[in-house]
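Asks: Sharing a sequence plus its predicted fold:
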Amino acid sequence: MVILLSRAWIRRYAIAYAALALSLLAHARHYYHPHTGFSALVRFGDRYAPQRVGALRDVPLYTHADSAGYDGQFYAQLAAVGNPLHPELPGALDSAPYRSRRPLLPMLAHAAGLGRPGWAVQAYALSNLASWLLLAVLLARWWFPPTDLHNLLRWAGVLFGAGLASSVTRGLTDGPALLFLAAGVRLVERRRDFTGAVLLAAAGLVRDASALAAASLLPAGDRQDRRPWRALLAIAVCVLPVTAWTAFLAVYHGSLGSDRNFAPPFTALAAKVSEIIADARTFGIGRVMHDVLSLVAISTQVGFLLARPRVDQPWWRVGAAFSLLWVVLGPAVWEGTPSAMGRVVLPIALAFNVLAPRTRGGLVLLLAGNLTVVAAADVLAVRPSEQNVFVRGITLTRGEGWHGLEGAGATSWRWASGSGTLTLHNPGGDPVRVTLEFELGSVTDRTVTVRAPAGSPSFVLTGGPGRLPVRVGPFRLPPGETAIDLTSAEPAWLEPWDDGRALAFAAYDLYVTVDPEGGRGRD
């Protein structure tokens with residue numbers, strides 16, 4: 001036992017790295033749903049559901065109710081169709097010119113999904129998680145080996161910062177772009193400029209701003225005696241693909257679709273500071289804590305990089321280039337809580353952690369520069385949502401008798417006071433065959449009857465923590481609206497706290513599946 005403890009102590013940092021990585025994987029499993037796979041990692045919103053590309057018509061997707069969703073839903077649609085110039089995209093995406101500027105990750109996901117839309121969406125949803133794991137290994141191998149506290153803080157500061165956490169849990173391009181960028185700069189450090197330039201070019205096609213990493217190829221320090229034309233050629237290899245693609249899209253679409261991404265230096269930053277101060281006065285400091293931590297962290301990173309120039313270091317040149325980008329970011333990047341700012345300038349975080357001094361004072365600097373780790377837990381948290389949009393555009397709404405939405409982890413539910421109505425809407429011109437699936441729970445013993453076109457099956461509940469799986473159907477769902485009633489004759493149970501709600505039964509994770517054959521046959 002003593003020997004085992006001694007070995008564990010010697011390897012304590014490696015164990016900490018592994019434990020942190022496993023904790024993220026364990027957390028990611030909560031985003032999996034039996035019907036929709038890992039599509040919850042992409043944040044589809046029901047407000048954009050009616051205009052999705054046709055390739056996703058029969059693909060079950062985890063869709064957040066009463067939500068516009070997040071940017072990843074648009075890149076996932078690029079992955080589904082496999083063509084950034086697909087004719088449906090202008091009507092399906094919020095801005096086809098802007099989203100199409102980042103084609104590489106969706107195209108890789110389309111290939112990984114073998115061209116099948118459903119598989120492509122799953123591949124895209126998991127691409128950030130795969131990139132995170134590979135980046136974790138490479139950072140530990142190249143710059144932050146598990147040998148001391150300094151490296152642990154640097155490694156965790158990059159991987160568990162709010163910026164990278166946002167990319168993983170919202171299906172964005174920032175995390176994969178950082179992976180390509182980090183690998184490219186590593187090759188530049190090893191004097192393999194042209195191979196590094198190819199990876200940096202790939203980073204630019206994953207996320208166009210990554211082309212700023214071409215600064216790592218500039219002749220500086222011991223590179224100044226090398227032939228300038230080699231540096232210029234490597235820089236051209238890095239920036240020409242994304243430049244040519246962006247120019248083509250500008251002509252093709254007549255716009256780049258990013259008017260609010262840039263602003264005069266520091267103007268959007270100043271507006272954000274004013275907004276934070278106003279919100280703190282109105283709602284309290286807790287409301288703006290994420291933004292405050294992000295602002296302090298990135299200001300520390302940028303201040304350190306600019307105050308201590310190290311032109312001979314490729315990572316300093318990358319960090320300085322993105323610092324200049326940071327000061328001209330526009331209002332679109334600073335909006336929301338947490339804002340997109342932390343993930344847009346992720347290369348600054350990596351450059352800062354590579355270059356921060358290895359002193360006692362450096363530990364304080366590292367803590368200040370990596371404060372967004374504090375906010376990452378909330379960014380990574382699973383946001384449960386009741387499903388109201390299904391394949392074929394079928395929707396479900398909750399009518400009379402239901403209390404408000406509740407959730408824990410990936411599970412969502414509503415209590416009914418005695419009876420509850422569900423309304424299914426079939427927007428098509430033909431009937432389809434559907435099955436309603438959910439779980440029932442209750443505090444007291446009771447019978448719940450479900451009146452649907454499939455008949456009126458009854459389900460006997462035993463009060464307690466267990467839940468009863470329920471499957472109603474398949475049944476024929478005609479065009480238009482169809483009401484389904486859930487009733488229980490036994491008296492409701494009155495909560496002894498809060499407002500004393502009347503609770504009869506709870507319906508968990510309601511979901512509607514559709515017969516893949518279209519359901520025109522007999523009932």
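Replies: Structure's in. What do you need?
Asks: hey, let's count contacts and neighbours off CA atoms from now on
Replies: Noted.
Asks: all strands of this protein, in order?
Replies: With DSSP state E applied, the chain shows strands at 44-45, 63-64, 395-398, 406-408, 411-416, 419-426, 432-441, 446-451, 458-461, 468-477, 480-487, 493-494, 502-503, 505-514, listed in chain order.
Asks: do you know how far Glu437 is from Pro469?
Replies: Spatial separation of Glu437 from Pro469 under the definition C-alpha to C-alpha, to the nearest Å is 8 Å.
Asks: Neighbour count for these two, which is higher?
Replies: A direct count of neighbours by other C-alpha atoms under 10 Å for Glu437 and Pro469 places Glu437 higher, at 17 against 13.
Asks: so what pLDDT did the closest residue in space to that one that isn't next to it in sequence get?
Replies: Ranked by C-alpha to C-alpha, 6 or more residues apart in numbering and with sequence neighbours excluded, the top spatial neighbour of Glu437 is Arg471, at 4.6 Å. At Arg471, the predicted lDDT confidence score is 94.
Asks: Report the contact partners of Arg471.
Replies: For Arg471, the contacting residues are Thr435, Leu436, Glu437, Phe438, taking C-alpha atoms under 8 Å, 6 or more residues apart in numbering as the criterion.
Asks: still on that earlier bit, could I get the strands of the chain in JSON lines, plus columns for distance to Ser255?
Replies: Compiled in JSON lines, these are given as follows (distance: least, C-alpha to C-alpha, whole Å):
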{"stretch": "strand 44-45", "distance to Ser255": "25"}
{"stretch": "strand 63-64", "distance to Ser255": "30"}
{"stretch": "strand 395-398", "distance to Ser255": "34"}
{"stretch": "strand 406-408", "distance to Ser255": "42"}
{"stretch": "strand 411-416", "distance to Ser255": "41"}
{"stretch": "strand 419-426", "distance to Ser255": "37"}
{"stretch": "strand 432-441", "distance to Ser255": "41"}
{"stretch": "strand 446-451", "distance to Ser255": "53"}
{"stretch": "strand 458-461", "distance to Ser255": "57"}
{"stretch": "strand 468-477", "distance to Ser255": "43"}
{"stretch": "strand 480-487", "distance to Ser255": "39"}
{"stretch": "strand 493-494", "distance to Ser255": "59"}
{"stretch": "strand 502-503", "distance to Ser255": "54"}
{"stretch": "strand 505-514", "distance to Ser255": "39"}
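Asks: out of those strands, which comes closest to Ala215?
Replies: Closest of the strands of the chain to Ala215 is strand 44-45, at 35.6 Å (criterion: C-alpha to C-alpha).
Asks: List the neighbours of the closest one that are in contact with it.
Replies: Surrounding strand 44-45, the residues in contact under the criterion C-alpha under 8 Å, 6+ apart are Leu61, Tyr62, Thr63, His64, Ala65, Asp66, Ser67, Ala68, Gly69, Tyr70, Gly72, Gln73.
Asks: quick one: strands adjacent to it?
Replies: When sheet partners are counted by DSSP bridges, strand 44-45 sits next to strand 63-64 (parallel).
Asks: tell me the average confidence for the strand it pairs with?
Replies: Mean pLDDT, strand 63-64: 94.
Asks: low pLDDT regions in this structure?
Replies: Low-confidence segments of the chain (pLDDT under 70): 1-10, 221-226, 498, 517-523.
Asks: can you list the domains in this structure?
Replies: 143-380, 391-514 (automatic domain parsing).
Asks: Single out the most deeply packed of these.
Replies: For the domains of the chain, average neighbour numbers computed from mean count of other C-alpha atoms under 10 Å are highest in domain 143-380, which has a mean of 20.
Asks: centre of the chain versus that one, how much separation?
Replies: Taking C-alpha atoms, centre = their mean, to the nearest Å, one finds domain 143-380 lying 18 Å from the centre of the chain it belongs to.
Asks: Check stretch 469-478 too.
Replies: Between the mean C-alpha position of stretch 469-478 and that of its chain there is a distance of 33 Å (C-alpha atoms, centre = their mean).
Asks: same question, stretch 12-26
Replies: Computed by C-alpha atoms, centre = their mean, the chain-centroid distance of stretch 12-26 equals 21 Å.
Asks: buried stuff in that stretch?
Replies: Burial within stretch 12-26, assessed by neighbour count using 16 or more other C-alpha atoms under 10 Å, is assigned to Arg12, Tyr13, Ala14, Tyr17, Ala21, Leu24.
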